[in-house]
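Novice: Next come a sequence and a model predicted from it.
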Amino acid sequence: MARQQTIGKWGEGVAAQFLQEKGYEILQRNVRSSYGELDIVARWGAMIIFVEVKTRTSSSFGLPEISVSPRKIRHLVDAAQAFMQLYPGPEEAWRVDVIAIEGRPGGPDPHIEMFENVVS
């Protein structure tokens, strides 16, 4: 596995643990669709949360959240809508969040920042 993929998978694990510690239930990870991949699908009460995780080992190329472009957000919304059609349930409310992580496996505790409801 390439270094970038290793860092990404590590970041997704850190994000999932972060969410669980905050009381979120992780429903699925790495859900693929024709619109792209949803890193984490979680539940918070009656709301479904679609989480995009961005991980960087340093800020030398900018903060991780900067890489979530308007185009990427459109793909996330399309993938979320496709997911909701595939898995209908009583939950109708959903949102897209971004978790930005700066750190590396084996390093000091990573810096984690969560941006809720990035779709406006």
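Specialist: The structure has been received and is ready for your questions.
Novice: Give the burial count for the closest residue to M114 other than its chain neighbours, as a bare number.
Specialist: Excluding the flanking residues, the one nearest M114 by C-beta to C-beta, 6 or more residues apart in numbering is I99, at 5.1 Å. C-betas here are computed from N, CA, C, even on glycine. Each residue near I99 was counted by other C-beta atoms under 10 Å, and the total is 25.
Novice: mind listing what's buried in the helix or strand harbouring I99?
Specialist: Per DSSP states H and E: I99 is located in strand 94-102. Going by neighbour count (16 or more other C-beta atoms under 10 Å), the buried part of strand 94-102 is W94, V96, D97, V98, I99, A100, I101, E102.
Novice: repeat for stretch 14-22
Specialist: Buried, per 16+ other C-beta under 10 Å, within stretch 14-22: V14, A15, A16, F18, L19.
Novice: ok, back up a step: extract the C-alpha trace of the strand holding I99 and format it as CSV.
Specialist: Taking C-alpha atoms only, strand 94-102 is exported to CSV below (Å, rounded to 0.1, in the frame of the first residue of the first chain):
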residue,chain,number,x,y,z
TRP,A,94,-28.6,14.0,7.0
ARG,A,95,-25.5,16.2,6.7
VAL,A,96,-22.0,16.1,5.3
ASP,A,97,-19.1,16.8,7.7
VAL,A,98,-15.4,17.0,7.2
ILE,A,99,-12.8,15.8,9.7
ALA,A,100,-9.3,17.2,9.2
ILE,A,101,-6.4,15.4,10.8
GLU,A,102,-2.8,16.5,11.0
